[in-house]
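Trainee: The amino acid sequence is not available; the structure is as follows:
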């Protein structure tokens, strides 16, 4: 086992006291130490590959300068992108991030929370799964600094950073109506998660406020465990019968991905046979010559702002911050106005 360089090793090499080495490497009492001696200490520390003892340091300061991040699924492009953004922002602020995936499982989420707290992270960023309200309430009682990211529970007064999910789908449906589409379907997840139910509410409100009836049969709620085989069936059901839809809105990036693959396999032309609005950016867009209209989340702003809010909450008596950011509807050819002759895509 390689012996770690200690402050004493550096002190002996330079010929000064251990206390003086500590002052220099911790940037203390610099006005009382000659610049030449300080330079020599730092040079020797670098040559001996000195690494500070972070555990000992954290015992003195009660801070580890680490943050915990719990995402829904690190394999999902949204989660992995968010983790990257949070990690970069934390690094700029002098913090390290430890993260894990809950896989939308409350038990696994609790295990991750316990593990991260045992590692003495200074605070937590949590994309909370459904059914974890009690876990969040426990964190509040323990006065653990945390910020909910992407999801939150409206019944709990906590700091969160999320999307204005209601407005995101409201704007998408209103755009479809303005483009001449009258029979608009929705493919979403069957869940109690607030951000998903808000997307359904936005869809319903936009129909009703634009003079179109809300028909429950046009909303297909799929299981979140494995929606892949059900997406193709949902699309077929929406496009058959006496009153088939002329447009579909997807409410997540995974549903968008599998939905577009199903549309491709069913040889449906966009937008002449069906208009489509996706959620988030996905590689499935590359399957089509027709560019896909989609709802873009401000990922960079979400990750950076959530990290900053968490770091601010590390200070005592910091007020709760609740922020809903606006999505951007990126309008492209898959929702081309019916008044304009549609260009046939080679799907």
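Mentor: Yes, it's here. Quick caveat: nothing in here was measured; it's all calculated off a predicted structure.

Trainee: what sits against the residue nearest the centre of the chain?
Mentor: Nearest to the geometric centre of the chain sits residue 82, at 4.4 Å (Cα atoms, centre = their mean). By Cβ atoms under 8 Å, 6 or more residues apart in numbering, the residues touching residue 82 are 71, 127, 149-150, 299, 302-303. In short, each C-beta sits where N, CA and C put it, glycine included.

Trainee: Restricted to strands, list those residues.
Mentor: Using DSSP state E, the subset of the contacts of residue 82 located in strands is 71, 149.

Trainee: which one of the contacts of residue 82 is nearest residue 15?
Mentor: Set against residue 15, the nearest of those by Cβ to Cβ is residue 303 (47.9 Å).

Trainee: ok, and the closest non-adjacent residue to the closest one?
Mentor: Of all residues not flanking residue 303 in the chain, residue 85 sits nearest, at 3.0 Å (Cβ to Cβ, 6 or more residues apart in numbering).

Trainee: How about residue 149?
Mentor: That would be residue 306: by Cβ to Cβ, 6+ apart, it lies 4.5 Å from residue 149.

Trainee: Identify the residues contacting the helix or strand harbouring the one you found?
Mentor: Assigned by DSSP states H and E, residue 306 belongs to helix 299-313. Contacts to helix 299-313, defined as Cβ under 8 Å, 6+ apart, come from residues 67, 78, 81-82, 84-86, 89-90, 93, 95, 123-125, 145-147, 149-150, 159, 161-163, 318, 321, 323, 325.

Trainee: Show the buried residues in those residues.
Mentor: 67, 78, 81-82, 85-86, 89-90, 95, 123-125, 145-147, 149-150, 159, 161-163, 321, 323 (16 or more other Cβ atoms under 10 Å).

Trainee: Can you pick out the ones from those residues that are in helices?
Mentor: 78, 81-82, 85-86, 89-90 (DSSP state H).

Trainee: Can you add pLDDT and give these back as TSV?
Mentor: Shown next, in TSV, are those (pLDDT from 0 to 100):
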residue	pLDDT
78	94
81	95
82	96
85	97
86	98
89	97
90	96
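
Trainee: Mind picking the one among these that's closest to residue 227?
Mentor: residue 78 (15.4 Å).

Trainee: give me the low-pLDDT residue ranges for the stretch 51-200 of the chain?
Mentor: Where the stretch 51-200 of the chain drops to pLDDT under 70, the residues are 52-62.

Trainee: What segments of it are strands?
Mentor: With strands called from DSSP state E, counting those that start in this stretch, the stretch 51-200 of the chain shows them at 66-71, 96-101, 123-126, 146-149, 160-163, 184-189.

Trainee: got those as TSV, with distance to residue 234 columns?
Mentor: Formatted as TSV, those follow (distance: least, Cβ to Cβ, whole Å):
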stretch	distance to residue 234
strand 66-71	26
strand 96-101	26
strand 123-126	30
strand 146-149	29
strand 160-163	23
strand 184-189	5
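
Trainee: can you tell which of those is closest to residue 211?
Mentor: strand 184-189 (12.6 Å).

Trainee: Which neighbours in the sheet does that closest one have, and how are they oriented?
Mentor: strand 219-222 (parallel), strand 247-250 (parallel) (DSSP bridges).

Trainee: any idea which of those is most buried?
Mentor: Ranked by mean neighbour count under mean count of other Cβ atoms under 10 Å, the strands paired with strand 184-189 are led by strand 247-250, which reaches a mean of 29.

Trainee: Show me what that one is in contact with.
Mentor: 169, 172-173, 176, 181, 183-188, 203, 235, 238, 256, 259, 274-279, 335.

Trainee: quick check, distance from it to the centre of its chain.
Mentor: Here strand 247-250 is found 23 Å from its chain centre; the criterion is Cα atoms, centre = their mean, to the nearest Å.

Trainee: Thanks a lot, see you next time.
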